[in-house]
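>>> just a sequence and a predicted model for now, questions to come.
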Amino acid sequence: MTSLNMALKMFQAQIKLLRFLFLLIVIYGEVEHVYGVWPMPQQITQSTERYLLNPRVFALSYANDSMAQSGCSVLDVAFKRYFKLIFPDFAHGTGRDKSLRFGNTLRFYGELYVANIFRQKYLNSISCSVKLGLESFSQLVYQDDSSAYFVNKTEIEDYPRFQFRGLLLDTSRHYLPVNSILSTLDAMAYSKFNVFHWHIVDDPSFPYQSSTYPDLSNKGAFHPMTHIYTQSDVRRVIAHARLRGIRVLPEFDSPGHTLSWGKGQPDFLTPCYKGDVPSGSFGPLNPTLSSSYQFMSDLFKEVTSVFHDSHVHLGGDEVDFTCWKSNPKVQAFMAKMGFGSDYTKLESYYMENILNITAALNKISIVWQDVFDYHEHIPKDTVLEIWRGTPAEIRAELGRITLAGHRVLLSAPWYLNHISYGQDWRNAYTVQPQNFSGTEQQKELVIGGEVCMWGEYVDATNLVSRLWPRACAAAERLWSNEKKTSSVERAFPRLKDFRCTLVRRGIQAEPLFFGHCKHEYSGL
Amino acid sequence: MTSLIHDASAALTERPSGHTSQLSEQGKAVRMRALTLLGLGTLFLTTSCKDSHIDNLEERSRLSDEVSLWPLPQQFQTSPVAFKLSASRFKIVHAPGSTAGPSCSLLQNAFRRYFKYIFGYVNEQGQPRSRVFDSELRELQVLITSTDPECDAYPSLKTDESCKFAVVFLTAFVVVFVVLGLETFSQLVYEDDYGVNNINKTSILDYPRFSHRGILLDTSRHYLPLKVILANLEVMAMNKFNVFHWHIVDDSSFPFLSRTFPNLSQQGAYHPYTHVYTPVDVKSVIEFARMRGIRVIAEFDTPGHTQSWGKGQTDLLTPCYSGSSPSGTFGPVNPILNSTYDFMTSFFKEISSVFADAYIHLGGDEVDFSCWKSNPDIQKFMEQQGFGQDYSKLESYYIQRLLDIVSSTKKGYMVWQEVFDNEVKLKGDTVVEVWKMNMVEEELQNVTGAGFTTILSAPWYLDYISYGQDWKNYYKVEPLSFNGTPEQKKLVIGGEACLWGEYVDATNLTPRLWPRASAVAERLWSDENVKDIGSAYSRLEKHRCHMVRRGIPAEPLFVGHCGHEYSGL
């Protein structure tokens, strides 16, 4: 913990870089707005002293002693983006300078200290934390009844509780147009999510257009031209995410969940047998052929260079053995390898090979918990993701995986595709990711979690309203101090406000309960 | 061009080979029953194709998979003979002899709307090159047979909804059914592999099983912008719903701007300007609905569910007591003051002129007695009236007086089932809405046994969501499964899908309502024997893609895709 404090101090020293130019107006009257920030910052002190922001002169600029200066593209565009978010009316040209009505103006230099110990290798750590700070700042600005903009004097010291705050979208069960993905990335940034887990292919369709194996999407997508992600689509998603401090983690799930792969890659899937003859249907990937591994190696070579992230998700979940069992060649291979009739050994054999392939490409692998459950000898740096079980089973699994020294992600309590009547965000909010029996070292191996929006019943028509604000509950759990955010009742009014902020920014976030927003959603 | 029409109509009069002709008697019987259900004496049918239809359900379902009609028509016959439709030449016109003409704006609007639905997606082409197709359909002729086509009328419960059309003719009694027929026609048009619009030779005779097919939207718990209401009226028409039950005010807010009592929305709306429905708004909703053959029935629910009324109307609500002093909170409408009834008289006088429909929904559900019980003045009144401790008698007393007030405005009324259960004396034409989940069949039996017409909404509360394909549950409901005489069953005139607003506003309303409500639409429109889930799934999947193609964010049923995905983000 001492190293953590040192890092914190170091960054506090570094991060005075961002200064805001304010206009200070002396306000008479009793009006007092203190707006919340979602997710809750680690430290926040607000005073009733408030400042008028005049969009005509307000500027976001680099301080003189800032290490980043104009030309830092990530920050330059973040300034531009957040200016519009801070002053939602100004973009529409509300006309004359209203603030003059308040009397004498006085130029004033204010400072917002944004302390952040969050560091990721993939991004300039300073620009990343500045963007997160900008988000907090933008949420602190409010409008009074005369539409003037104010911010209260506030000091924030902030850093995330977990470094991995992910959101999974499934583009195989339904194709999501690129615009849907981009607007999800926007909303993720508003909630300080930082990993987009792109479950890009699965049984129903293969929308990723591979440059090495174009037939995969030609034959495996819902439509080879309209329902695919081209290389430039993927680049666009990655660029959009990067500007918002979000990593893009691709998942190419195998050996199960690969039916759509088989359409464009002959001899890739295991032919299932009915008695002595092939039944015409196919099962998981065929782990007995060396061609399978050659193919996977070539594919991952491409994938890991297209997606720059240091991690890659390999899936490995829900493998159905019935087809393997029916196939005489697989049976012969089992006998040859001495696996007996334990098909988990065959699966382990396959996963081991795949993990070696990605390791050779210098990528760290993330896999679903199944891989740990049936196979103990996986590389130490492999990250496991927990996706199923009762709360008790999840706690036990957390204990086992961390005891084995693996880093772990939690997504089981946050399957947002499961819907029910009422305020289910409350359950998502009260999850305690580190509440399992284990040592302090074990708890530190919990690096974060993910909300998952699987696509069986979700496409562009209902994705946004089903995700938001339900995902915000997990966002706060992953970012904020658990003790300070333990009360669902105290969270409710803040989340209600934040939901209206999202709606104001054009995100179709559904209501928590009856009530209204000042600016209602105006789309369909 | 004319020769083409002749070809097509000649083909239509051809007697199809095989079994269909002998089934026609059965078909007629079905039709007769449905029409009797609507209480109509006359048939309007022309004879060109009524003896050729497909009544074999399996056959119908199979064919319907190809053409994907939703809700499934009562009778139709289709063949593989296809005609092309060209955006530059195809026209929807009034047939010679039709009693409606170009002065009927309802029809002209419908023609344009459906032309756009059929051709709106193709890019504007330049000068068309001369080409000759083997067969092309150039005209859809619309024939109205009634002496009064009812172009300017409001749709009503009594209206006979049936229409018949072949690919070139669309015949209907009055204009409202042309709108329904055009919807069916537009669903018959499909794009072939070359992107050309085609329609197969088809003849259809169609009419609804139930005459009240409603959607309830709640604009009190969340305010719904006008745009959202209009868009959903549009989707309702695509699904042949014909009643918009507007649950316009409730405890949470009072967005209806009353001319007589402007304070109600001034104080009771979420915001007095941005979250209200002005008289112009209401008028535009009613007119937009009328153009689509949809009735607008407004609900002003009392004496419970009225918290928001109290903000703008002093002394309307009952002051609750804590011990011997007022607690500062308020309960239901105060039933013991004459001022209450004076208010209701003026208020419903306005309502009955604002809303054109012959019915008003008066609510009457879920009255909480605890506040009434706490109030000493009410206790005294109970004693005077000899009600004892039975507060449902007080409720009945209030409702009875309210019903008398509304009757004097010449409107009929609808009420929630509690009003019937509490044995309030109801006018003969009252419609009782059954909404409680438990004992639905018993309730239907009792209500119809007492001779009242009824509509069913209990199994169709679409605000209750769950994981998976819950539309199947809505689809499987059989409204007439209760024990009762044929006369009793005739009293069930339809049903409503309700989307209450606790968790719903403009952000999620449309995908939550559609296509789940479409399942209810088919149950209320199609023959009771149309109940195969497999066939329904494949047709509904295509129907939902139709809606998406028209810009409606209708959510998916399950894994899969539409040729044109929703792009409205």
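Noted; the coordinates are in hand. Residues are numbered from 1 along each chain as shown, chains lettered A, B, ... in the order given.
>>> in which helix or strand does residue A:44 reside?
According to DSSP states H and E, residue A:44 maps onto strand A:43-53.
>>> so how far is residue B:356 from residue B:287?
Between residue B:287 and residue B:356 the computed distance is 9 Å (CB to CB, to the nearest Å). All C-beta atoms are positioned from the backbone trio N, CA, C, and that covers glycine.
>>> counting neighbours, go ahead and name the busier of the two.
residue B:356 (17 against 13; other CB atoms under 10 Å in any protein chain shown).
>>> how far away is the more buried one from residue B:255?
Residue B:356 is 20 Å from residue B:255, by CB to CB.
>>> same deal with residue A:361?
Distance from residue A:361 to residue B:255, by CB to CB: 59 Å.
>>> what segments of the stretch 201-350 of chain A are strands?
A:247-254, A:269-274, A:277-285, A:311-315 (DSSP state E, counting those that start in this stretch).
>>> ok, now the stretch 401-524 of chain A?
A:408-410, A:446-453.
>>> stretch B:493-504 vs chain A: in contact?
Yes. Remark: stretch B:493-504 sits within contact range of chain A at B:501, B:502, B:503, B:504, by CB under 8 Å from any CB of the partner chain.
>>> show me what contacts residue B:415?
Counting by CB atoms under 8 Å, 6 or more residues apart in numbering or on different chains, residue B:415 touches B:361, B:362, B:363, B:364, B:399, B:426, B:430, B:431, B:432, B:433.
>>> hmm, try it at 10 Å
B:299, B:301, B:360-365, B:399, B:402-403, B:424, B:426, B:430-433, B:452 (CB atoms under 10 Å, 6 or more residues apart in numbering or on different chains).
>>> which one of the strands of the stretch 401-524 of chain A lies nearest to chain B?
Nearest to chain B, of all the strands of the stretch 401-524 of chain A, is strand A:446-453, at 12.6 Å by CB to the nearest CB.
>>> do that closest one and chain B meet at all?
No. Strand A:446-453 stays out of contact with chain B when judged by CB under 10 Å from any CB of the partner chain, the minimum separation being 12.6 Å.
>>> distance from the chain centre to that strand, please.
8 Å (CA atoms, centre = their mean, to the nearest Å).
>>> okay, angle between it and strand A:247-254 too, please.
Following axes from the mean of the first three to the mean of the last three CA atoms, to 10 degrees, one obtains 70 degrees for the angle between strand A:446-453 and strand A:247-254.
>>> show me what strand A:446-453 is packed up against.
strand A:164-170, strand A:195-199, strand A:383-386, helix A:391-403, strand A:408-410, helix A:463-467, helix A:470-479 (3 or more CB pairs under 10 Å, 6 or more residues apart in numbering or on different chains; DSSP states H and E).
>>> for stretch B:418-438, buried residues please.
Judged by neighbour count using 16 or more other CB atoms under 10 Å in any protein chain shown, the buried positions of stretch B:418-438 are B:418, B:419, B:420, B:424, B:426, B:430, B:431, B:432, B:433, B:434, B:435.
>>> filter those down to the ones in strands?
B:431, B:432, B:433, B:434 (DSSP state E).
>>> any low-confidence regions in the chain?
Looking at chain A here, since you left the chain open. A:1-35, A:63-68, A:91-131, A:376, A:524 (pLDDT under 70).
>>> try chain B instead
For chain B, the stretches with pLDDT under 70 are B:1-67, B:121-134, B:158-168, B:174, B:569.
>>> go again with 90.
Across chain B, the ranges flagged by pLDDT under 90 are B:1-68, B:75-109, B:112, B:115-181, B:185, B:188-205, B:422-429, B:567-569.
>>> residue at max distance from the center of it?
The outermost residue of chain B relative to its centre, with distances by CA atoms, centre = their mean, is residue B:324 at 48.8 Å.
>>> wait, that one touches residue B:379, no?
No. In this structure, residue B:324 is not within contact of residue B:379 by CB atoms under 10 Å, at 11.7 Å.
>>> can I get the ones in strands among the buried residues of stretch B:418-438 in TSV including distance to chain A?
As requested, these are exported to TSV (distance: CB to the nearest CB, whole Å):
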residue	distance to chain A
B:431	27
B:432	26
B:433	21
B:434	21
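>>> among these, which pair sits farthest apart?
Farthest pair in those (CB to CB) is B:431 and B:434. Separation: 10.4 Å.
>>> give the residues shared as contacts by those two.
The contact sets of residue B:431 and residue B:434 overlap at B:447, B:454, B:455 (CB under 10 Å, 6+ apart).
>>> right, I'll leave it there.
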